[in-house]
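**Q** here's my sequence, what's the structure:
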Amino acid sequence: MADHGSTDRVRRSAAEKYILPARQRGEKIVAIHSGTFEKLLVEQRLLQPNRFPIVCNALRSKRFARENHVTLQEIKTPAASGQSSTVWFVYKLEPVDKAEQIQTPDDAATFAGLRGILKKTYKQLGGANAFHTAERESWDR
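**A** Have a look, this model is predicted:
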């Protein structure tokens, strides 16, 4: 998932902290409390304090639901704005095909293991910079 700002960080964190663990436990319903979640984001330095509109909009978004295969069942809030520390978001977890499985930290570790895989090949070609310079120059020929 790309990181284009705080809203993406909120969506990704919600998936990692709530949705994926609930799937692993075999749960069907997940509830996220905006105040508790925002506090966690602030502690991890992913978000500045009192950014409840960002948190609530991210958790309410169709993109969050689509990417995580969830259905927003209910929003519980005493606040008229629906963007405060008292909002509860209740999701139903939809079935996910193995082929569509959401990326887990294990997948991320595997991907990170690819770092440096071309080091030996670039060395044989005279270095990455020399190889790419020669390639760019060959485009004009």
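
**Q** any stretches of the chain with poor pLDDT?
**A** 1-4, 98-115, 141 (pLDDT under 70).

**Q** what about the helices in it?
**A** With DSSP state H as the criterion, the chain has helices at 6-14, 20-25, 34-43, 52-60, 62-68, 105-112, 119-124, 128-138.

**Q** need those in a markdown table (columns: mean neighbour count and distance to residue 80).
**A** To be clear about C-beta, it is placed using only N, CA and C from the backbone, and glycine gets the same treatment. Putting these into a markdown table (neighbours: other Cβ atoms under 10 Å; distance: least, Cβ to Cβ, whole Å) gives the following:
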| stretch | mean neighbour count | distance to residue 80 |
| --- | --- | --- |
| helix 6-14 | 19 | 22 |
| helix 20-25 | 14 | 29 |
| helix 34-43 | 17 | 15 |
| helix 52-60 | 20 | 13 |
| helix 62-68 | 15 | 23 |
| helix 105-112 | 10 | 38 |
| helix 119-124 | 10 | 58 |
| helix 128-138 | 11 | 57 |
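
**Q** quick one: the residue lying closest to residue 128 once chain neighbours are set aside and residue 138, what's the gap?
**A** With Cβ to Cβ, 6 or more residues apart in numbering as the criterion, residue 128 has its nearest non-adjacent residue at 4.3 Å, and that residue is residue 122. From residue 122 across to residue 138, the span is 17 Å (Cβ to Cβ, to the nearest Å).
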